[in-house]
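Colleague: can you look at this prediction? I've put the sequence above it.
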Amino acid sequence: MLTKQWNGSEKVLARVSATANKGKTSKVALFLPGNSCLCVRTALAQGTIDEDTFIIAIEQDKKTANVIRRQLKTLVKRFHLHVGPIIETHLPDFIGNKKIDFAFLDFCGNLDIKLVQWLLYQSGSFSVGAQVAFTFCTLGRANNFIKETEWELNRKHKWLGIKKSIDNQLSAAYSTVLFRYGSENRFRIPTITAIWAILSCHFKTRVSSCIEYCDSSPMIMVKFDLVGPKNKVSKNARRFLEYCSCFDRLSGSDFGCLDFDDTQTKVKPIRVAAVERPSHLSPQQWAWHINNPNSIRNRYHVT
Ligand SMILES: C[S@@+](CC[C@H](N)C(=O)[O-])C[C@H]1O[C@@H](n2cnc3c(N)ncnc32)[C@H](O)[C@@H]1O
C-alpha cells in the first residue's frame, strides 16, 4: 500500500536538499513559501539566498499570503508577493529583464496539464546555471497528463533515449537520490521525466537530486541544474511532451494540447479540441488523422 503516514523528518530532508547551496548565492529566487516560509529560512541558513536576494513568493490563499508577507518582511530586504494561482502569473512582470537563478516550487500537488503549459513558458525566465527544484505528489490516479506520460514511457523503443538519459542522470546523482517506495510507485519516473522534458525545451537539464518523502500522500522532490542553453535533446523532449498531451487515450476525450510557441509574451492557454473526434475513429487514429487540426501529423508535417 503506497499511501503512508505524514513524516515531518522526511520532508525536512527533502527541503534541505532542494535548497542546498551549490556554491553561489542567488540574486533572484522563486518560492511557494507556505505558512511557515520554512523553505526560505532553510535556503537562508544554507547560504543559497541571503537578505539581498530578491524573492518572488507566490501563494494562492489570501490568509496564508498575509502570513507570508509578515514573515518575508523580517527575512529579506526585497520581495514581491503574488496572491493567486501560479498558473496565472507571468514571471517577466515581476523580474523585468532579470532572470531567476534559484527556484523551489513546493507544489505538493499533481503535475497536471495546466501546470505543464505554465512551466513550459515560464521556465524561459530561469537563467542558464540556475537550480530549480519541485515537489509533486506521485499518486497520479486522477491526473490524465501523468497517466499518459507513464503510458508513453512504457512504449519502450520510442522513448528509449529519454528513459536511458533519466536513468543515467539518476545514477550520476546517486548520492543525492533517495527512493523510499520501491517499484510500486508508477508515477515517480513519469513525473521526473515530464519536468525534465519541460525544462529541456529551454535548457540542457540535469537531475541533481531527488528525494521521495511522505506528506499526506507520497511525494517526490526533484531538483535540476540548468547546465546550458537548449541543445539537440530539446526537440525530442518537446516531441515527448506533445505525445503525452493532446488527448486522453483512456477516455478518448481531448483534454488540451500544449502550445509550444515560445515567444515570452503572455501566459499561453491550453488549446482545446477544435474538432470533435468522430466516433468511428479510435483516439490513436484521431491523434494522427489529417482532419484533426491538433494532430501530431499536422504538428510535425508528417506526410
Ligand atoms: C507545501 S506548501 C509550501 C511549504 C513550504 N515551501 C515549506 O518548505 O514548508 C505549498 C504552498 O503553496 C501554495 N500553492 C500550492 N500550489 C499553488 C499554486 N498552484 N498556485 C499558488 N500557490 C500554490 C499552497 O497554498 C501552500 O501554501
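Modeller: Received it, and whenever you're ready, just let me know what you need. Residues are numbered from 1 along each chain as shown.
Colleague: using CSV, write out the CA atom coordinates for the helix or strand hosting Cys210.
Modeller: Using DSSP states H and E, Cys210 falls within strand 203-214. This file holds the C-alpha atoms of strand 203-214, laid out as CSV (Å, rounded to 0.1, in the frame of the first residue of the first chain):
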residue,chain,number,x,y,z
PHE,A,203,18.0,24.3,-21.3
LYS,A,204,20.3,21.4,-21.2
THR,A,205,19.0,20.0,-18.0
ARG,A,206,20.4,17.5,-15.5
VAL,A,207,18.8,16.0,-12.4
SER,A,208,20.9,17.0,-9.4
SER,A,209,18.9,15.5,-6.5
CYS,A,210,15.7,13.5,-6.0
ILE,A,211,14.1,12.5,-2.7
GLU,A,212,10.8,10.7,-2.0
TYR,A,213,9.0,11.6,1.2
CYS,A,214,5.6,11.3,2.7
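Colleague: any buried residues in it, and which?
Modeller: For strand 203-214, the neighbour count (16 or more other Cβ atoms under 10 Å) marks Phe203, Lys204, Thr205, Arg206, Val207, Ser208, Ser209, Cys210, Ile211, Glu212, Tyr213, Cys214 as buried. In this view, the C-beta of every residue, glycine as well, is placed from N, C-alpha and C.
Colleague: helices or strands up against it?
Modeller: Under the contact definition 3 or more Cβ pairs under 8 Å, 6 or more residues apart in numbering; DSSP states H and E, strand 203-214 sits against helix 8-18, strand 126-137, helix 160-172, strand 177-178, helix 188-200, strand 218-229.
Colleague: again, only using 10 Å
Modeller: Judged by 3 or more Cβ pairs under 10 Å, 6 or more residues apart in numbering; DSSP states H and E, the packing partners of strand 203-214 are helix 8-18, strand 126-137, helix 160-172, strand 177-178, helix 188-200, strand 218-229, helix 233-244.
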